[in-house]
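Visitor: for reference, the sequence and a predicted model appear below.
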Amino acid sequence: MNVQKGKIHSIIDGGRKARCVPDNDPGIVTHELVIPFYWRETMGNIRVGESVYYLEDESMGGFVIGRCDGEWDGTIRGSLTVTEDVTGKGVSLAGHTHTDSQNGETTSPK
């Protein structure tokens, strides 16, 4: 696979794929390139006209690997399903407890 640089020409397949115009050959448009979930929609906010790096294989398919501006604030917008535990600032979501403000008893998460 070859790393290429280009601009997003169109976003297709429900936002899961894009076609790009290569910077080194602006007269063509790539075949479908997969957009990773973290660059899609409001999470990565990738848009038509934006400069990206992408991998392209022999069949002209490939994968968008990054935005040229490097922008992503790390925010996951919308729902998220996690099959294991989540830890934030050293606190386990599955293992934390709550303290009752009235009598000081602790309870496990539900």
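Guide: Looks like it came in fine.

Visitor: Gly88 versus the residue nearest the centre of the chain, what's the distance?
Guide: Closest residue to the average C-alpha location of the chain: Tyr38 at 0.4 Å, with C-alpha atoms, centre = their mean. Applying C-beta to C-beta, to the nearest Å, one obtains 19 Å for the distance of Tyr38 from Gly88. C-betas here are computed from N, CA, C, even on glycine.

Visitor: again with Arg67
Guide: Using C-beta to C-beta, one obtains 26 Å as the distance from Arg67 to Gly88.

Visitor: of the two, who's got more company?
Guide: Arg67 (18 against 8; other C-beta atoms under 10 Å).

Visitor: for that one, report the pLDDT, please.
Guide: Among the per-residue scores, Arg67 shows a pLDDT of 86.

Visitor: could you do Arg40 as well?
Guide: Each residue has a pLDDT score; the one for Arg40 is 85.

Visitor: repeat that for the one 10 residues further on.
Guide: As predicted, Glu50 sits at a pLDDT of 93.

Visitor: what's across from the closest residue to it other than its chain neighbours in the sheet?
Guide: The shortest distance from Glu50 to any residue other than its chain neighbours is 5.1 Å, reached at Ile8 (C-beta to C-beta, 6 or more residues apart in numbering). Ile8 forms beta bridges with Cys20, as assigned by DSSP bridges.

Visitor: shouldn't Ile8 be in contact with Gly44?
Guide: No: when contacts are counted by C-beta atoms under 8 Å, Ile8 is not listed as touching Gly44 (11.6 Å).

Visitor: so what's the residue count around Val64?
Guide: Neighbours of Val64 using other C-beta under 10 Å come to 23.

Visitor: my read is it is in a strand, agree?
Guide: Yes: secondary structure of Val64 (DSSP: H, G, I helix; E, B strand; the rest coil): part of a strand.

Visitor: quick one: contacts for it?
Guide: Applying C-beta atoms under 8 Å, 6 or more residues apart in numbering, we find Val64 in contact with 18, 20, 33-36, 39, 46, 52-54.
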